[in-house]
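1. generate coordinates for the sequence data below:
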Amino acid sequence: MVARIDNLVTAGTFSLDGGTWELENNVWIVGDDAECIVIDAAHDAAAILKAVGGRKLLGIYCTHAHNDHIGAIAGVQSLTQASAYLHPADDVLWATVYPDAAHLPLANGQRISVAGTELEVIHTPGHSPGAVCFYAASLGSLFSGDTLFHGGPGATGRSYSDFPTIIESITTRLLTLPAATVVLTGHGESTTIGTEAPDLEAWIARGH
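-> Numbering: from 1, shown residues only. The predicted structure is shown next:
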């Protein structure tokens, strides 16, 4: 069976630098009827477990470690024992949520296999030091976390973020992908590489 992509929208809060905001997150589940992975276990462990159902959960893969993207990991792990995976450059953020829990590392170029489908880890720092995207070429899809949205790059106005770095990441590692690649974002609607690429100069001029 060919891998499919399921989307679950969960709601909760994001906290950093002394502020807290309400928001909705996209949780992405990639797999078939037998096995799957979760990309960004956000807010609602019960809803994520229901979406996984009886499938074998091979891992929980984090695009970055802001609390809204990892807050449901412990709840999902309590019933599945699935390992969490995160780029180690985001350990400082991980520790604010899970000071006593470990994760396994992700590295640029690493390959993830699920349901006969391969995803490539692309390190895209800027929104956070360890931000990554997951590129599934066979599905024509990029899971961009908070690095690239419909309408531009992710926010860089808070701790551990940097605007020139996110622009470099997007320019050199994402806009080089095929224009038809569907960008499945961490929040809000999807887009494509071809839709976002022409606006690069406008993003730079606008800054963060």
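2. and the worst-scoring helix or strand of the chain on mean pLDDT, what does it pack onto?
-> Counting by mean pLDDT, DSSP states H and E, the chain has its least confident helix or strand at helix 200-206, which shows a mean of 81. Secondary-structure packing of helix 200-206 (3 or more Cβ pairs under 8 Å, 6 or more residues apart in numbering; DSSP states H and E): strand 152-153, helix 163-169. In this view, the C-beta of every residue, glycine as well, is placed from N, C-alpha and C.
3. what comes up buried for the longest one?
-> Same thing as helix 163-169. Within helix 163-169, the residues that qualify as buried are 163, 165-167, 169, counting by 16 or more other Cβ atoms under 10 Å.
4. repeat that for stretch 78-85.
-> 80, 82, 84-85.
5. quick one: low-confidence ranges for this protein?
-> 1, 207-208 (pLDDT under 70).
6. which residues in it form strands?
-> 4-16, 19-31, 35-39, 56-61, 84-86, 104-105, 111-114, 117-123, 132-136, 141-145, 148-149, 152-153, 182-185, 191-192 (DSSP state E).
7. state the distance from Ala47 to Ser15.
-> Distance of Ala47 to Ser15, computed by Cβ to Cβ, to the nearest Å: 20 Å.
8. Leu200 now?
-> 31 Å.
9. re the thing from before, could you dump the helices and strands packed on helix 200-206 to CSV with distance to Ala51?
-> Output for the helices and strands packed on helix 200-206, formatted as CSV (distance: least, Cβ to Cβ, whole Å):
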stretch, distance to Ala51
strand 152-153, 28
helix 163-169, 29
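10. looking at the ones you listed, which is closest to Ser128?
-> The minimum distance between Ser128 and the helices and strands packed on helix 200-206 falls on helix 163-169, with 9.5 Å, by Cβ to Cβ.
11. what sits up against that closest one?
-> With Cβ atoms under 8 Å, 6 or more residues apart in numbering as the test, helix 163-169 has contacts from 123-127, 131, 147, 153-154, 156, 200, 203-204, 207-208.
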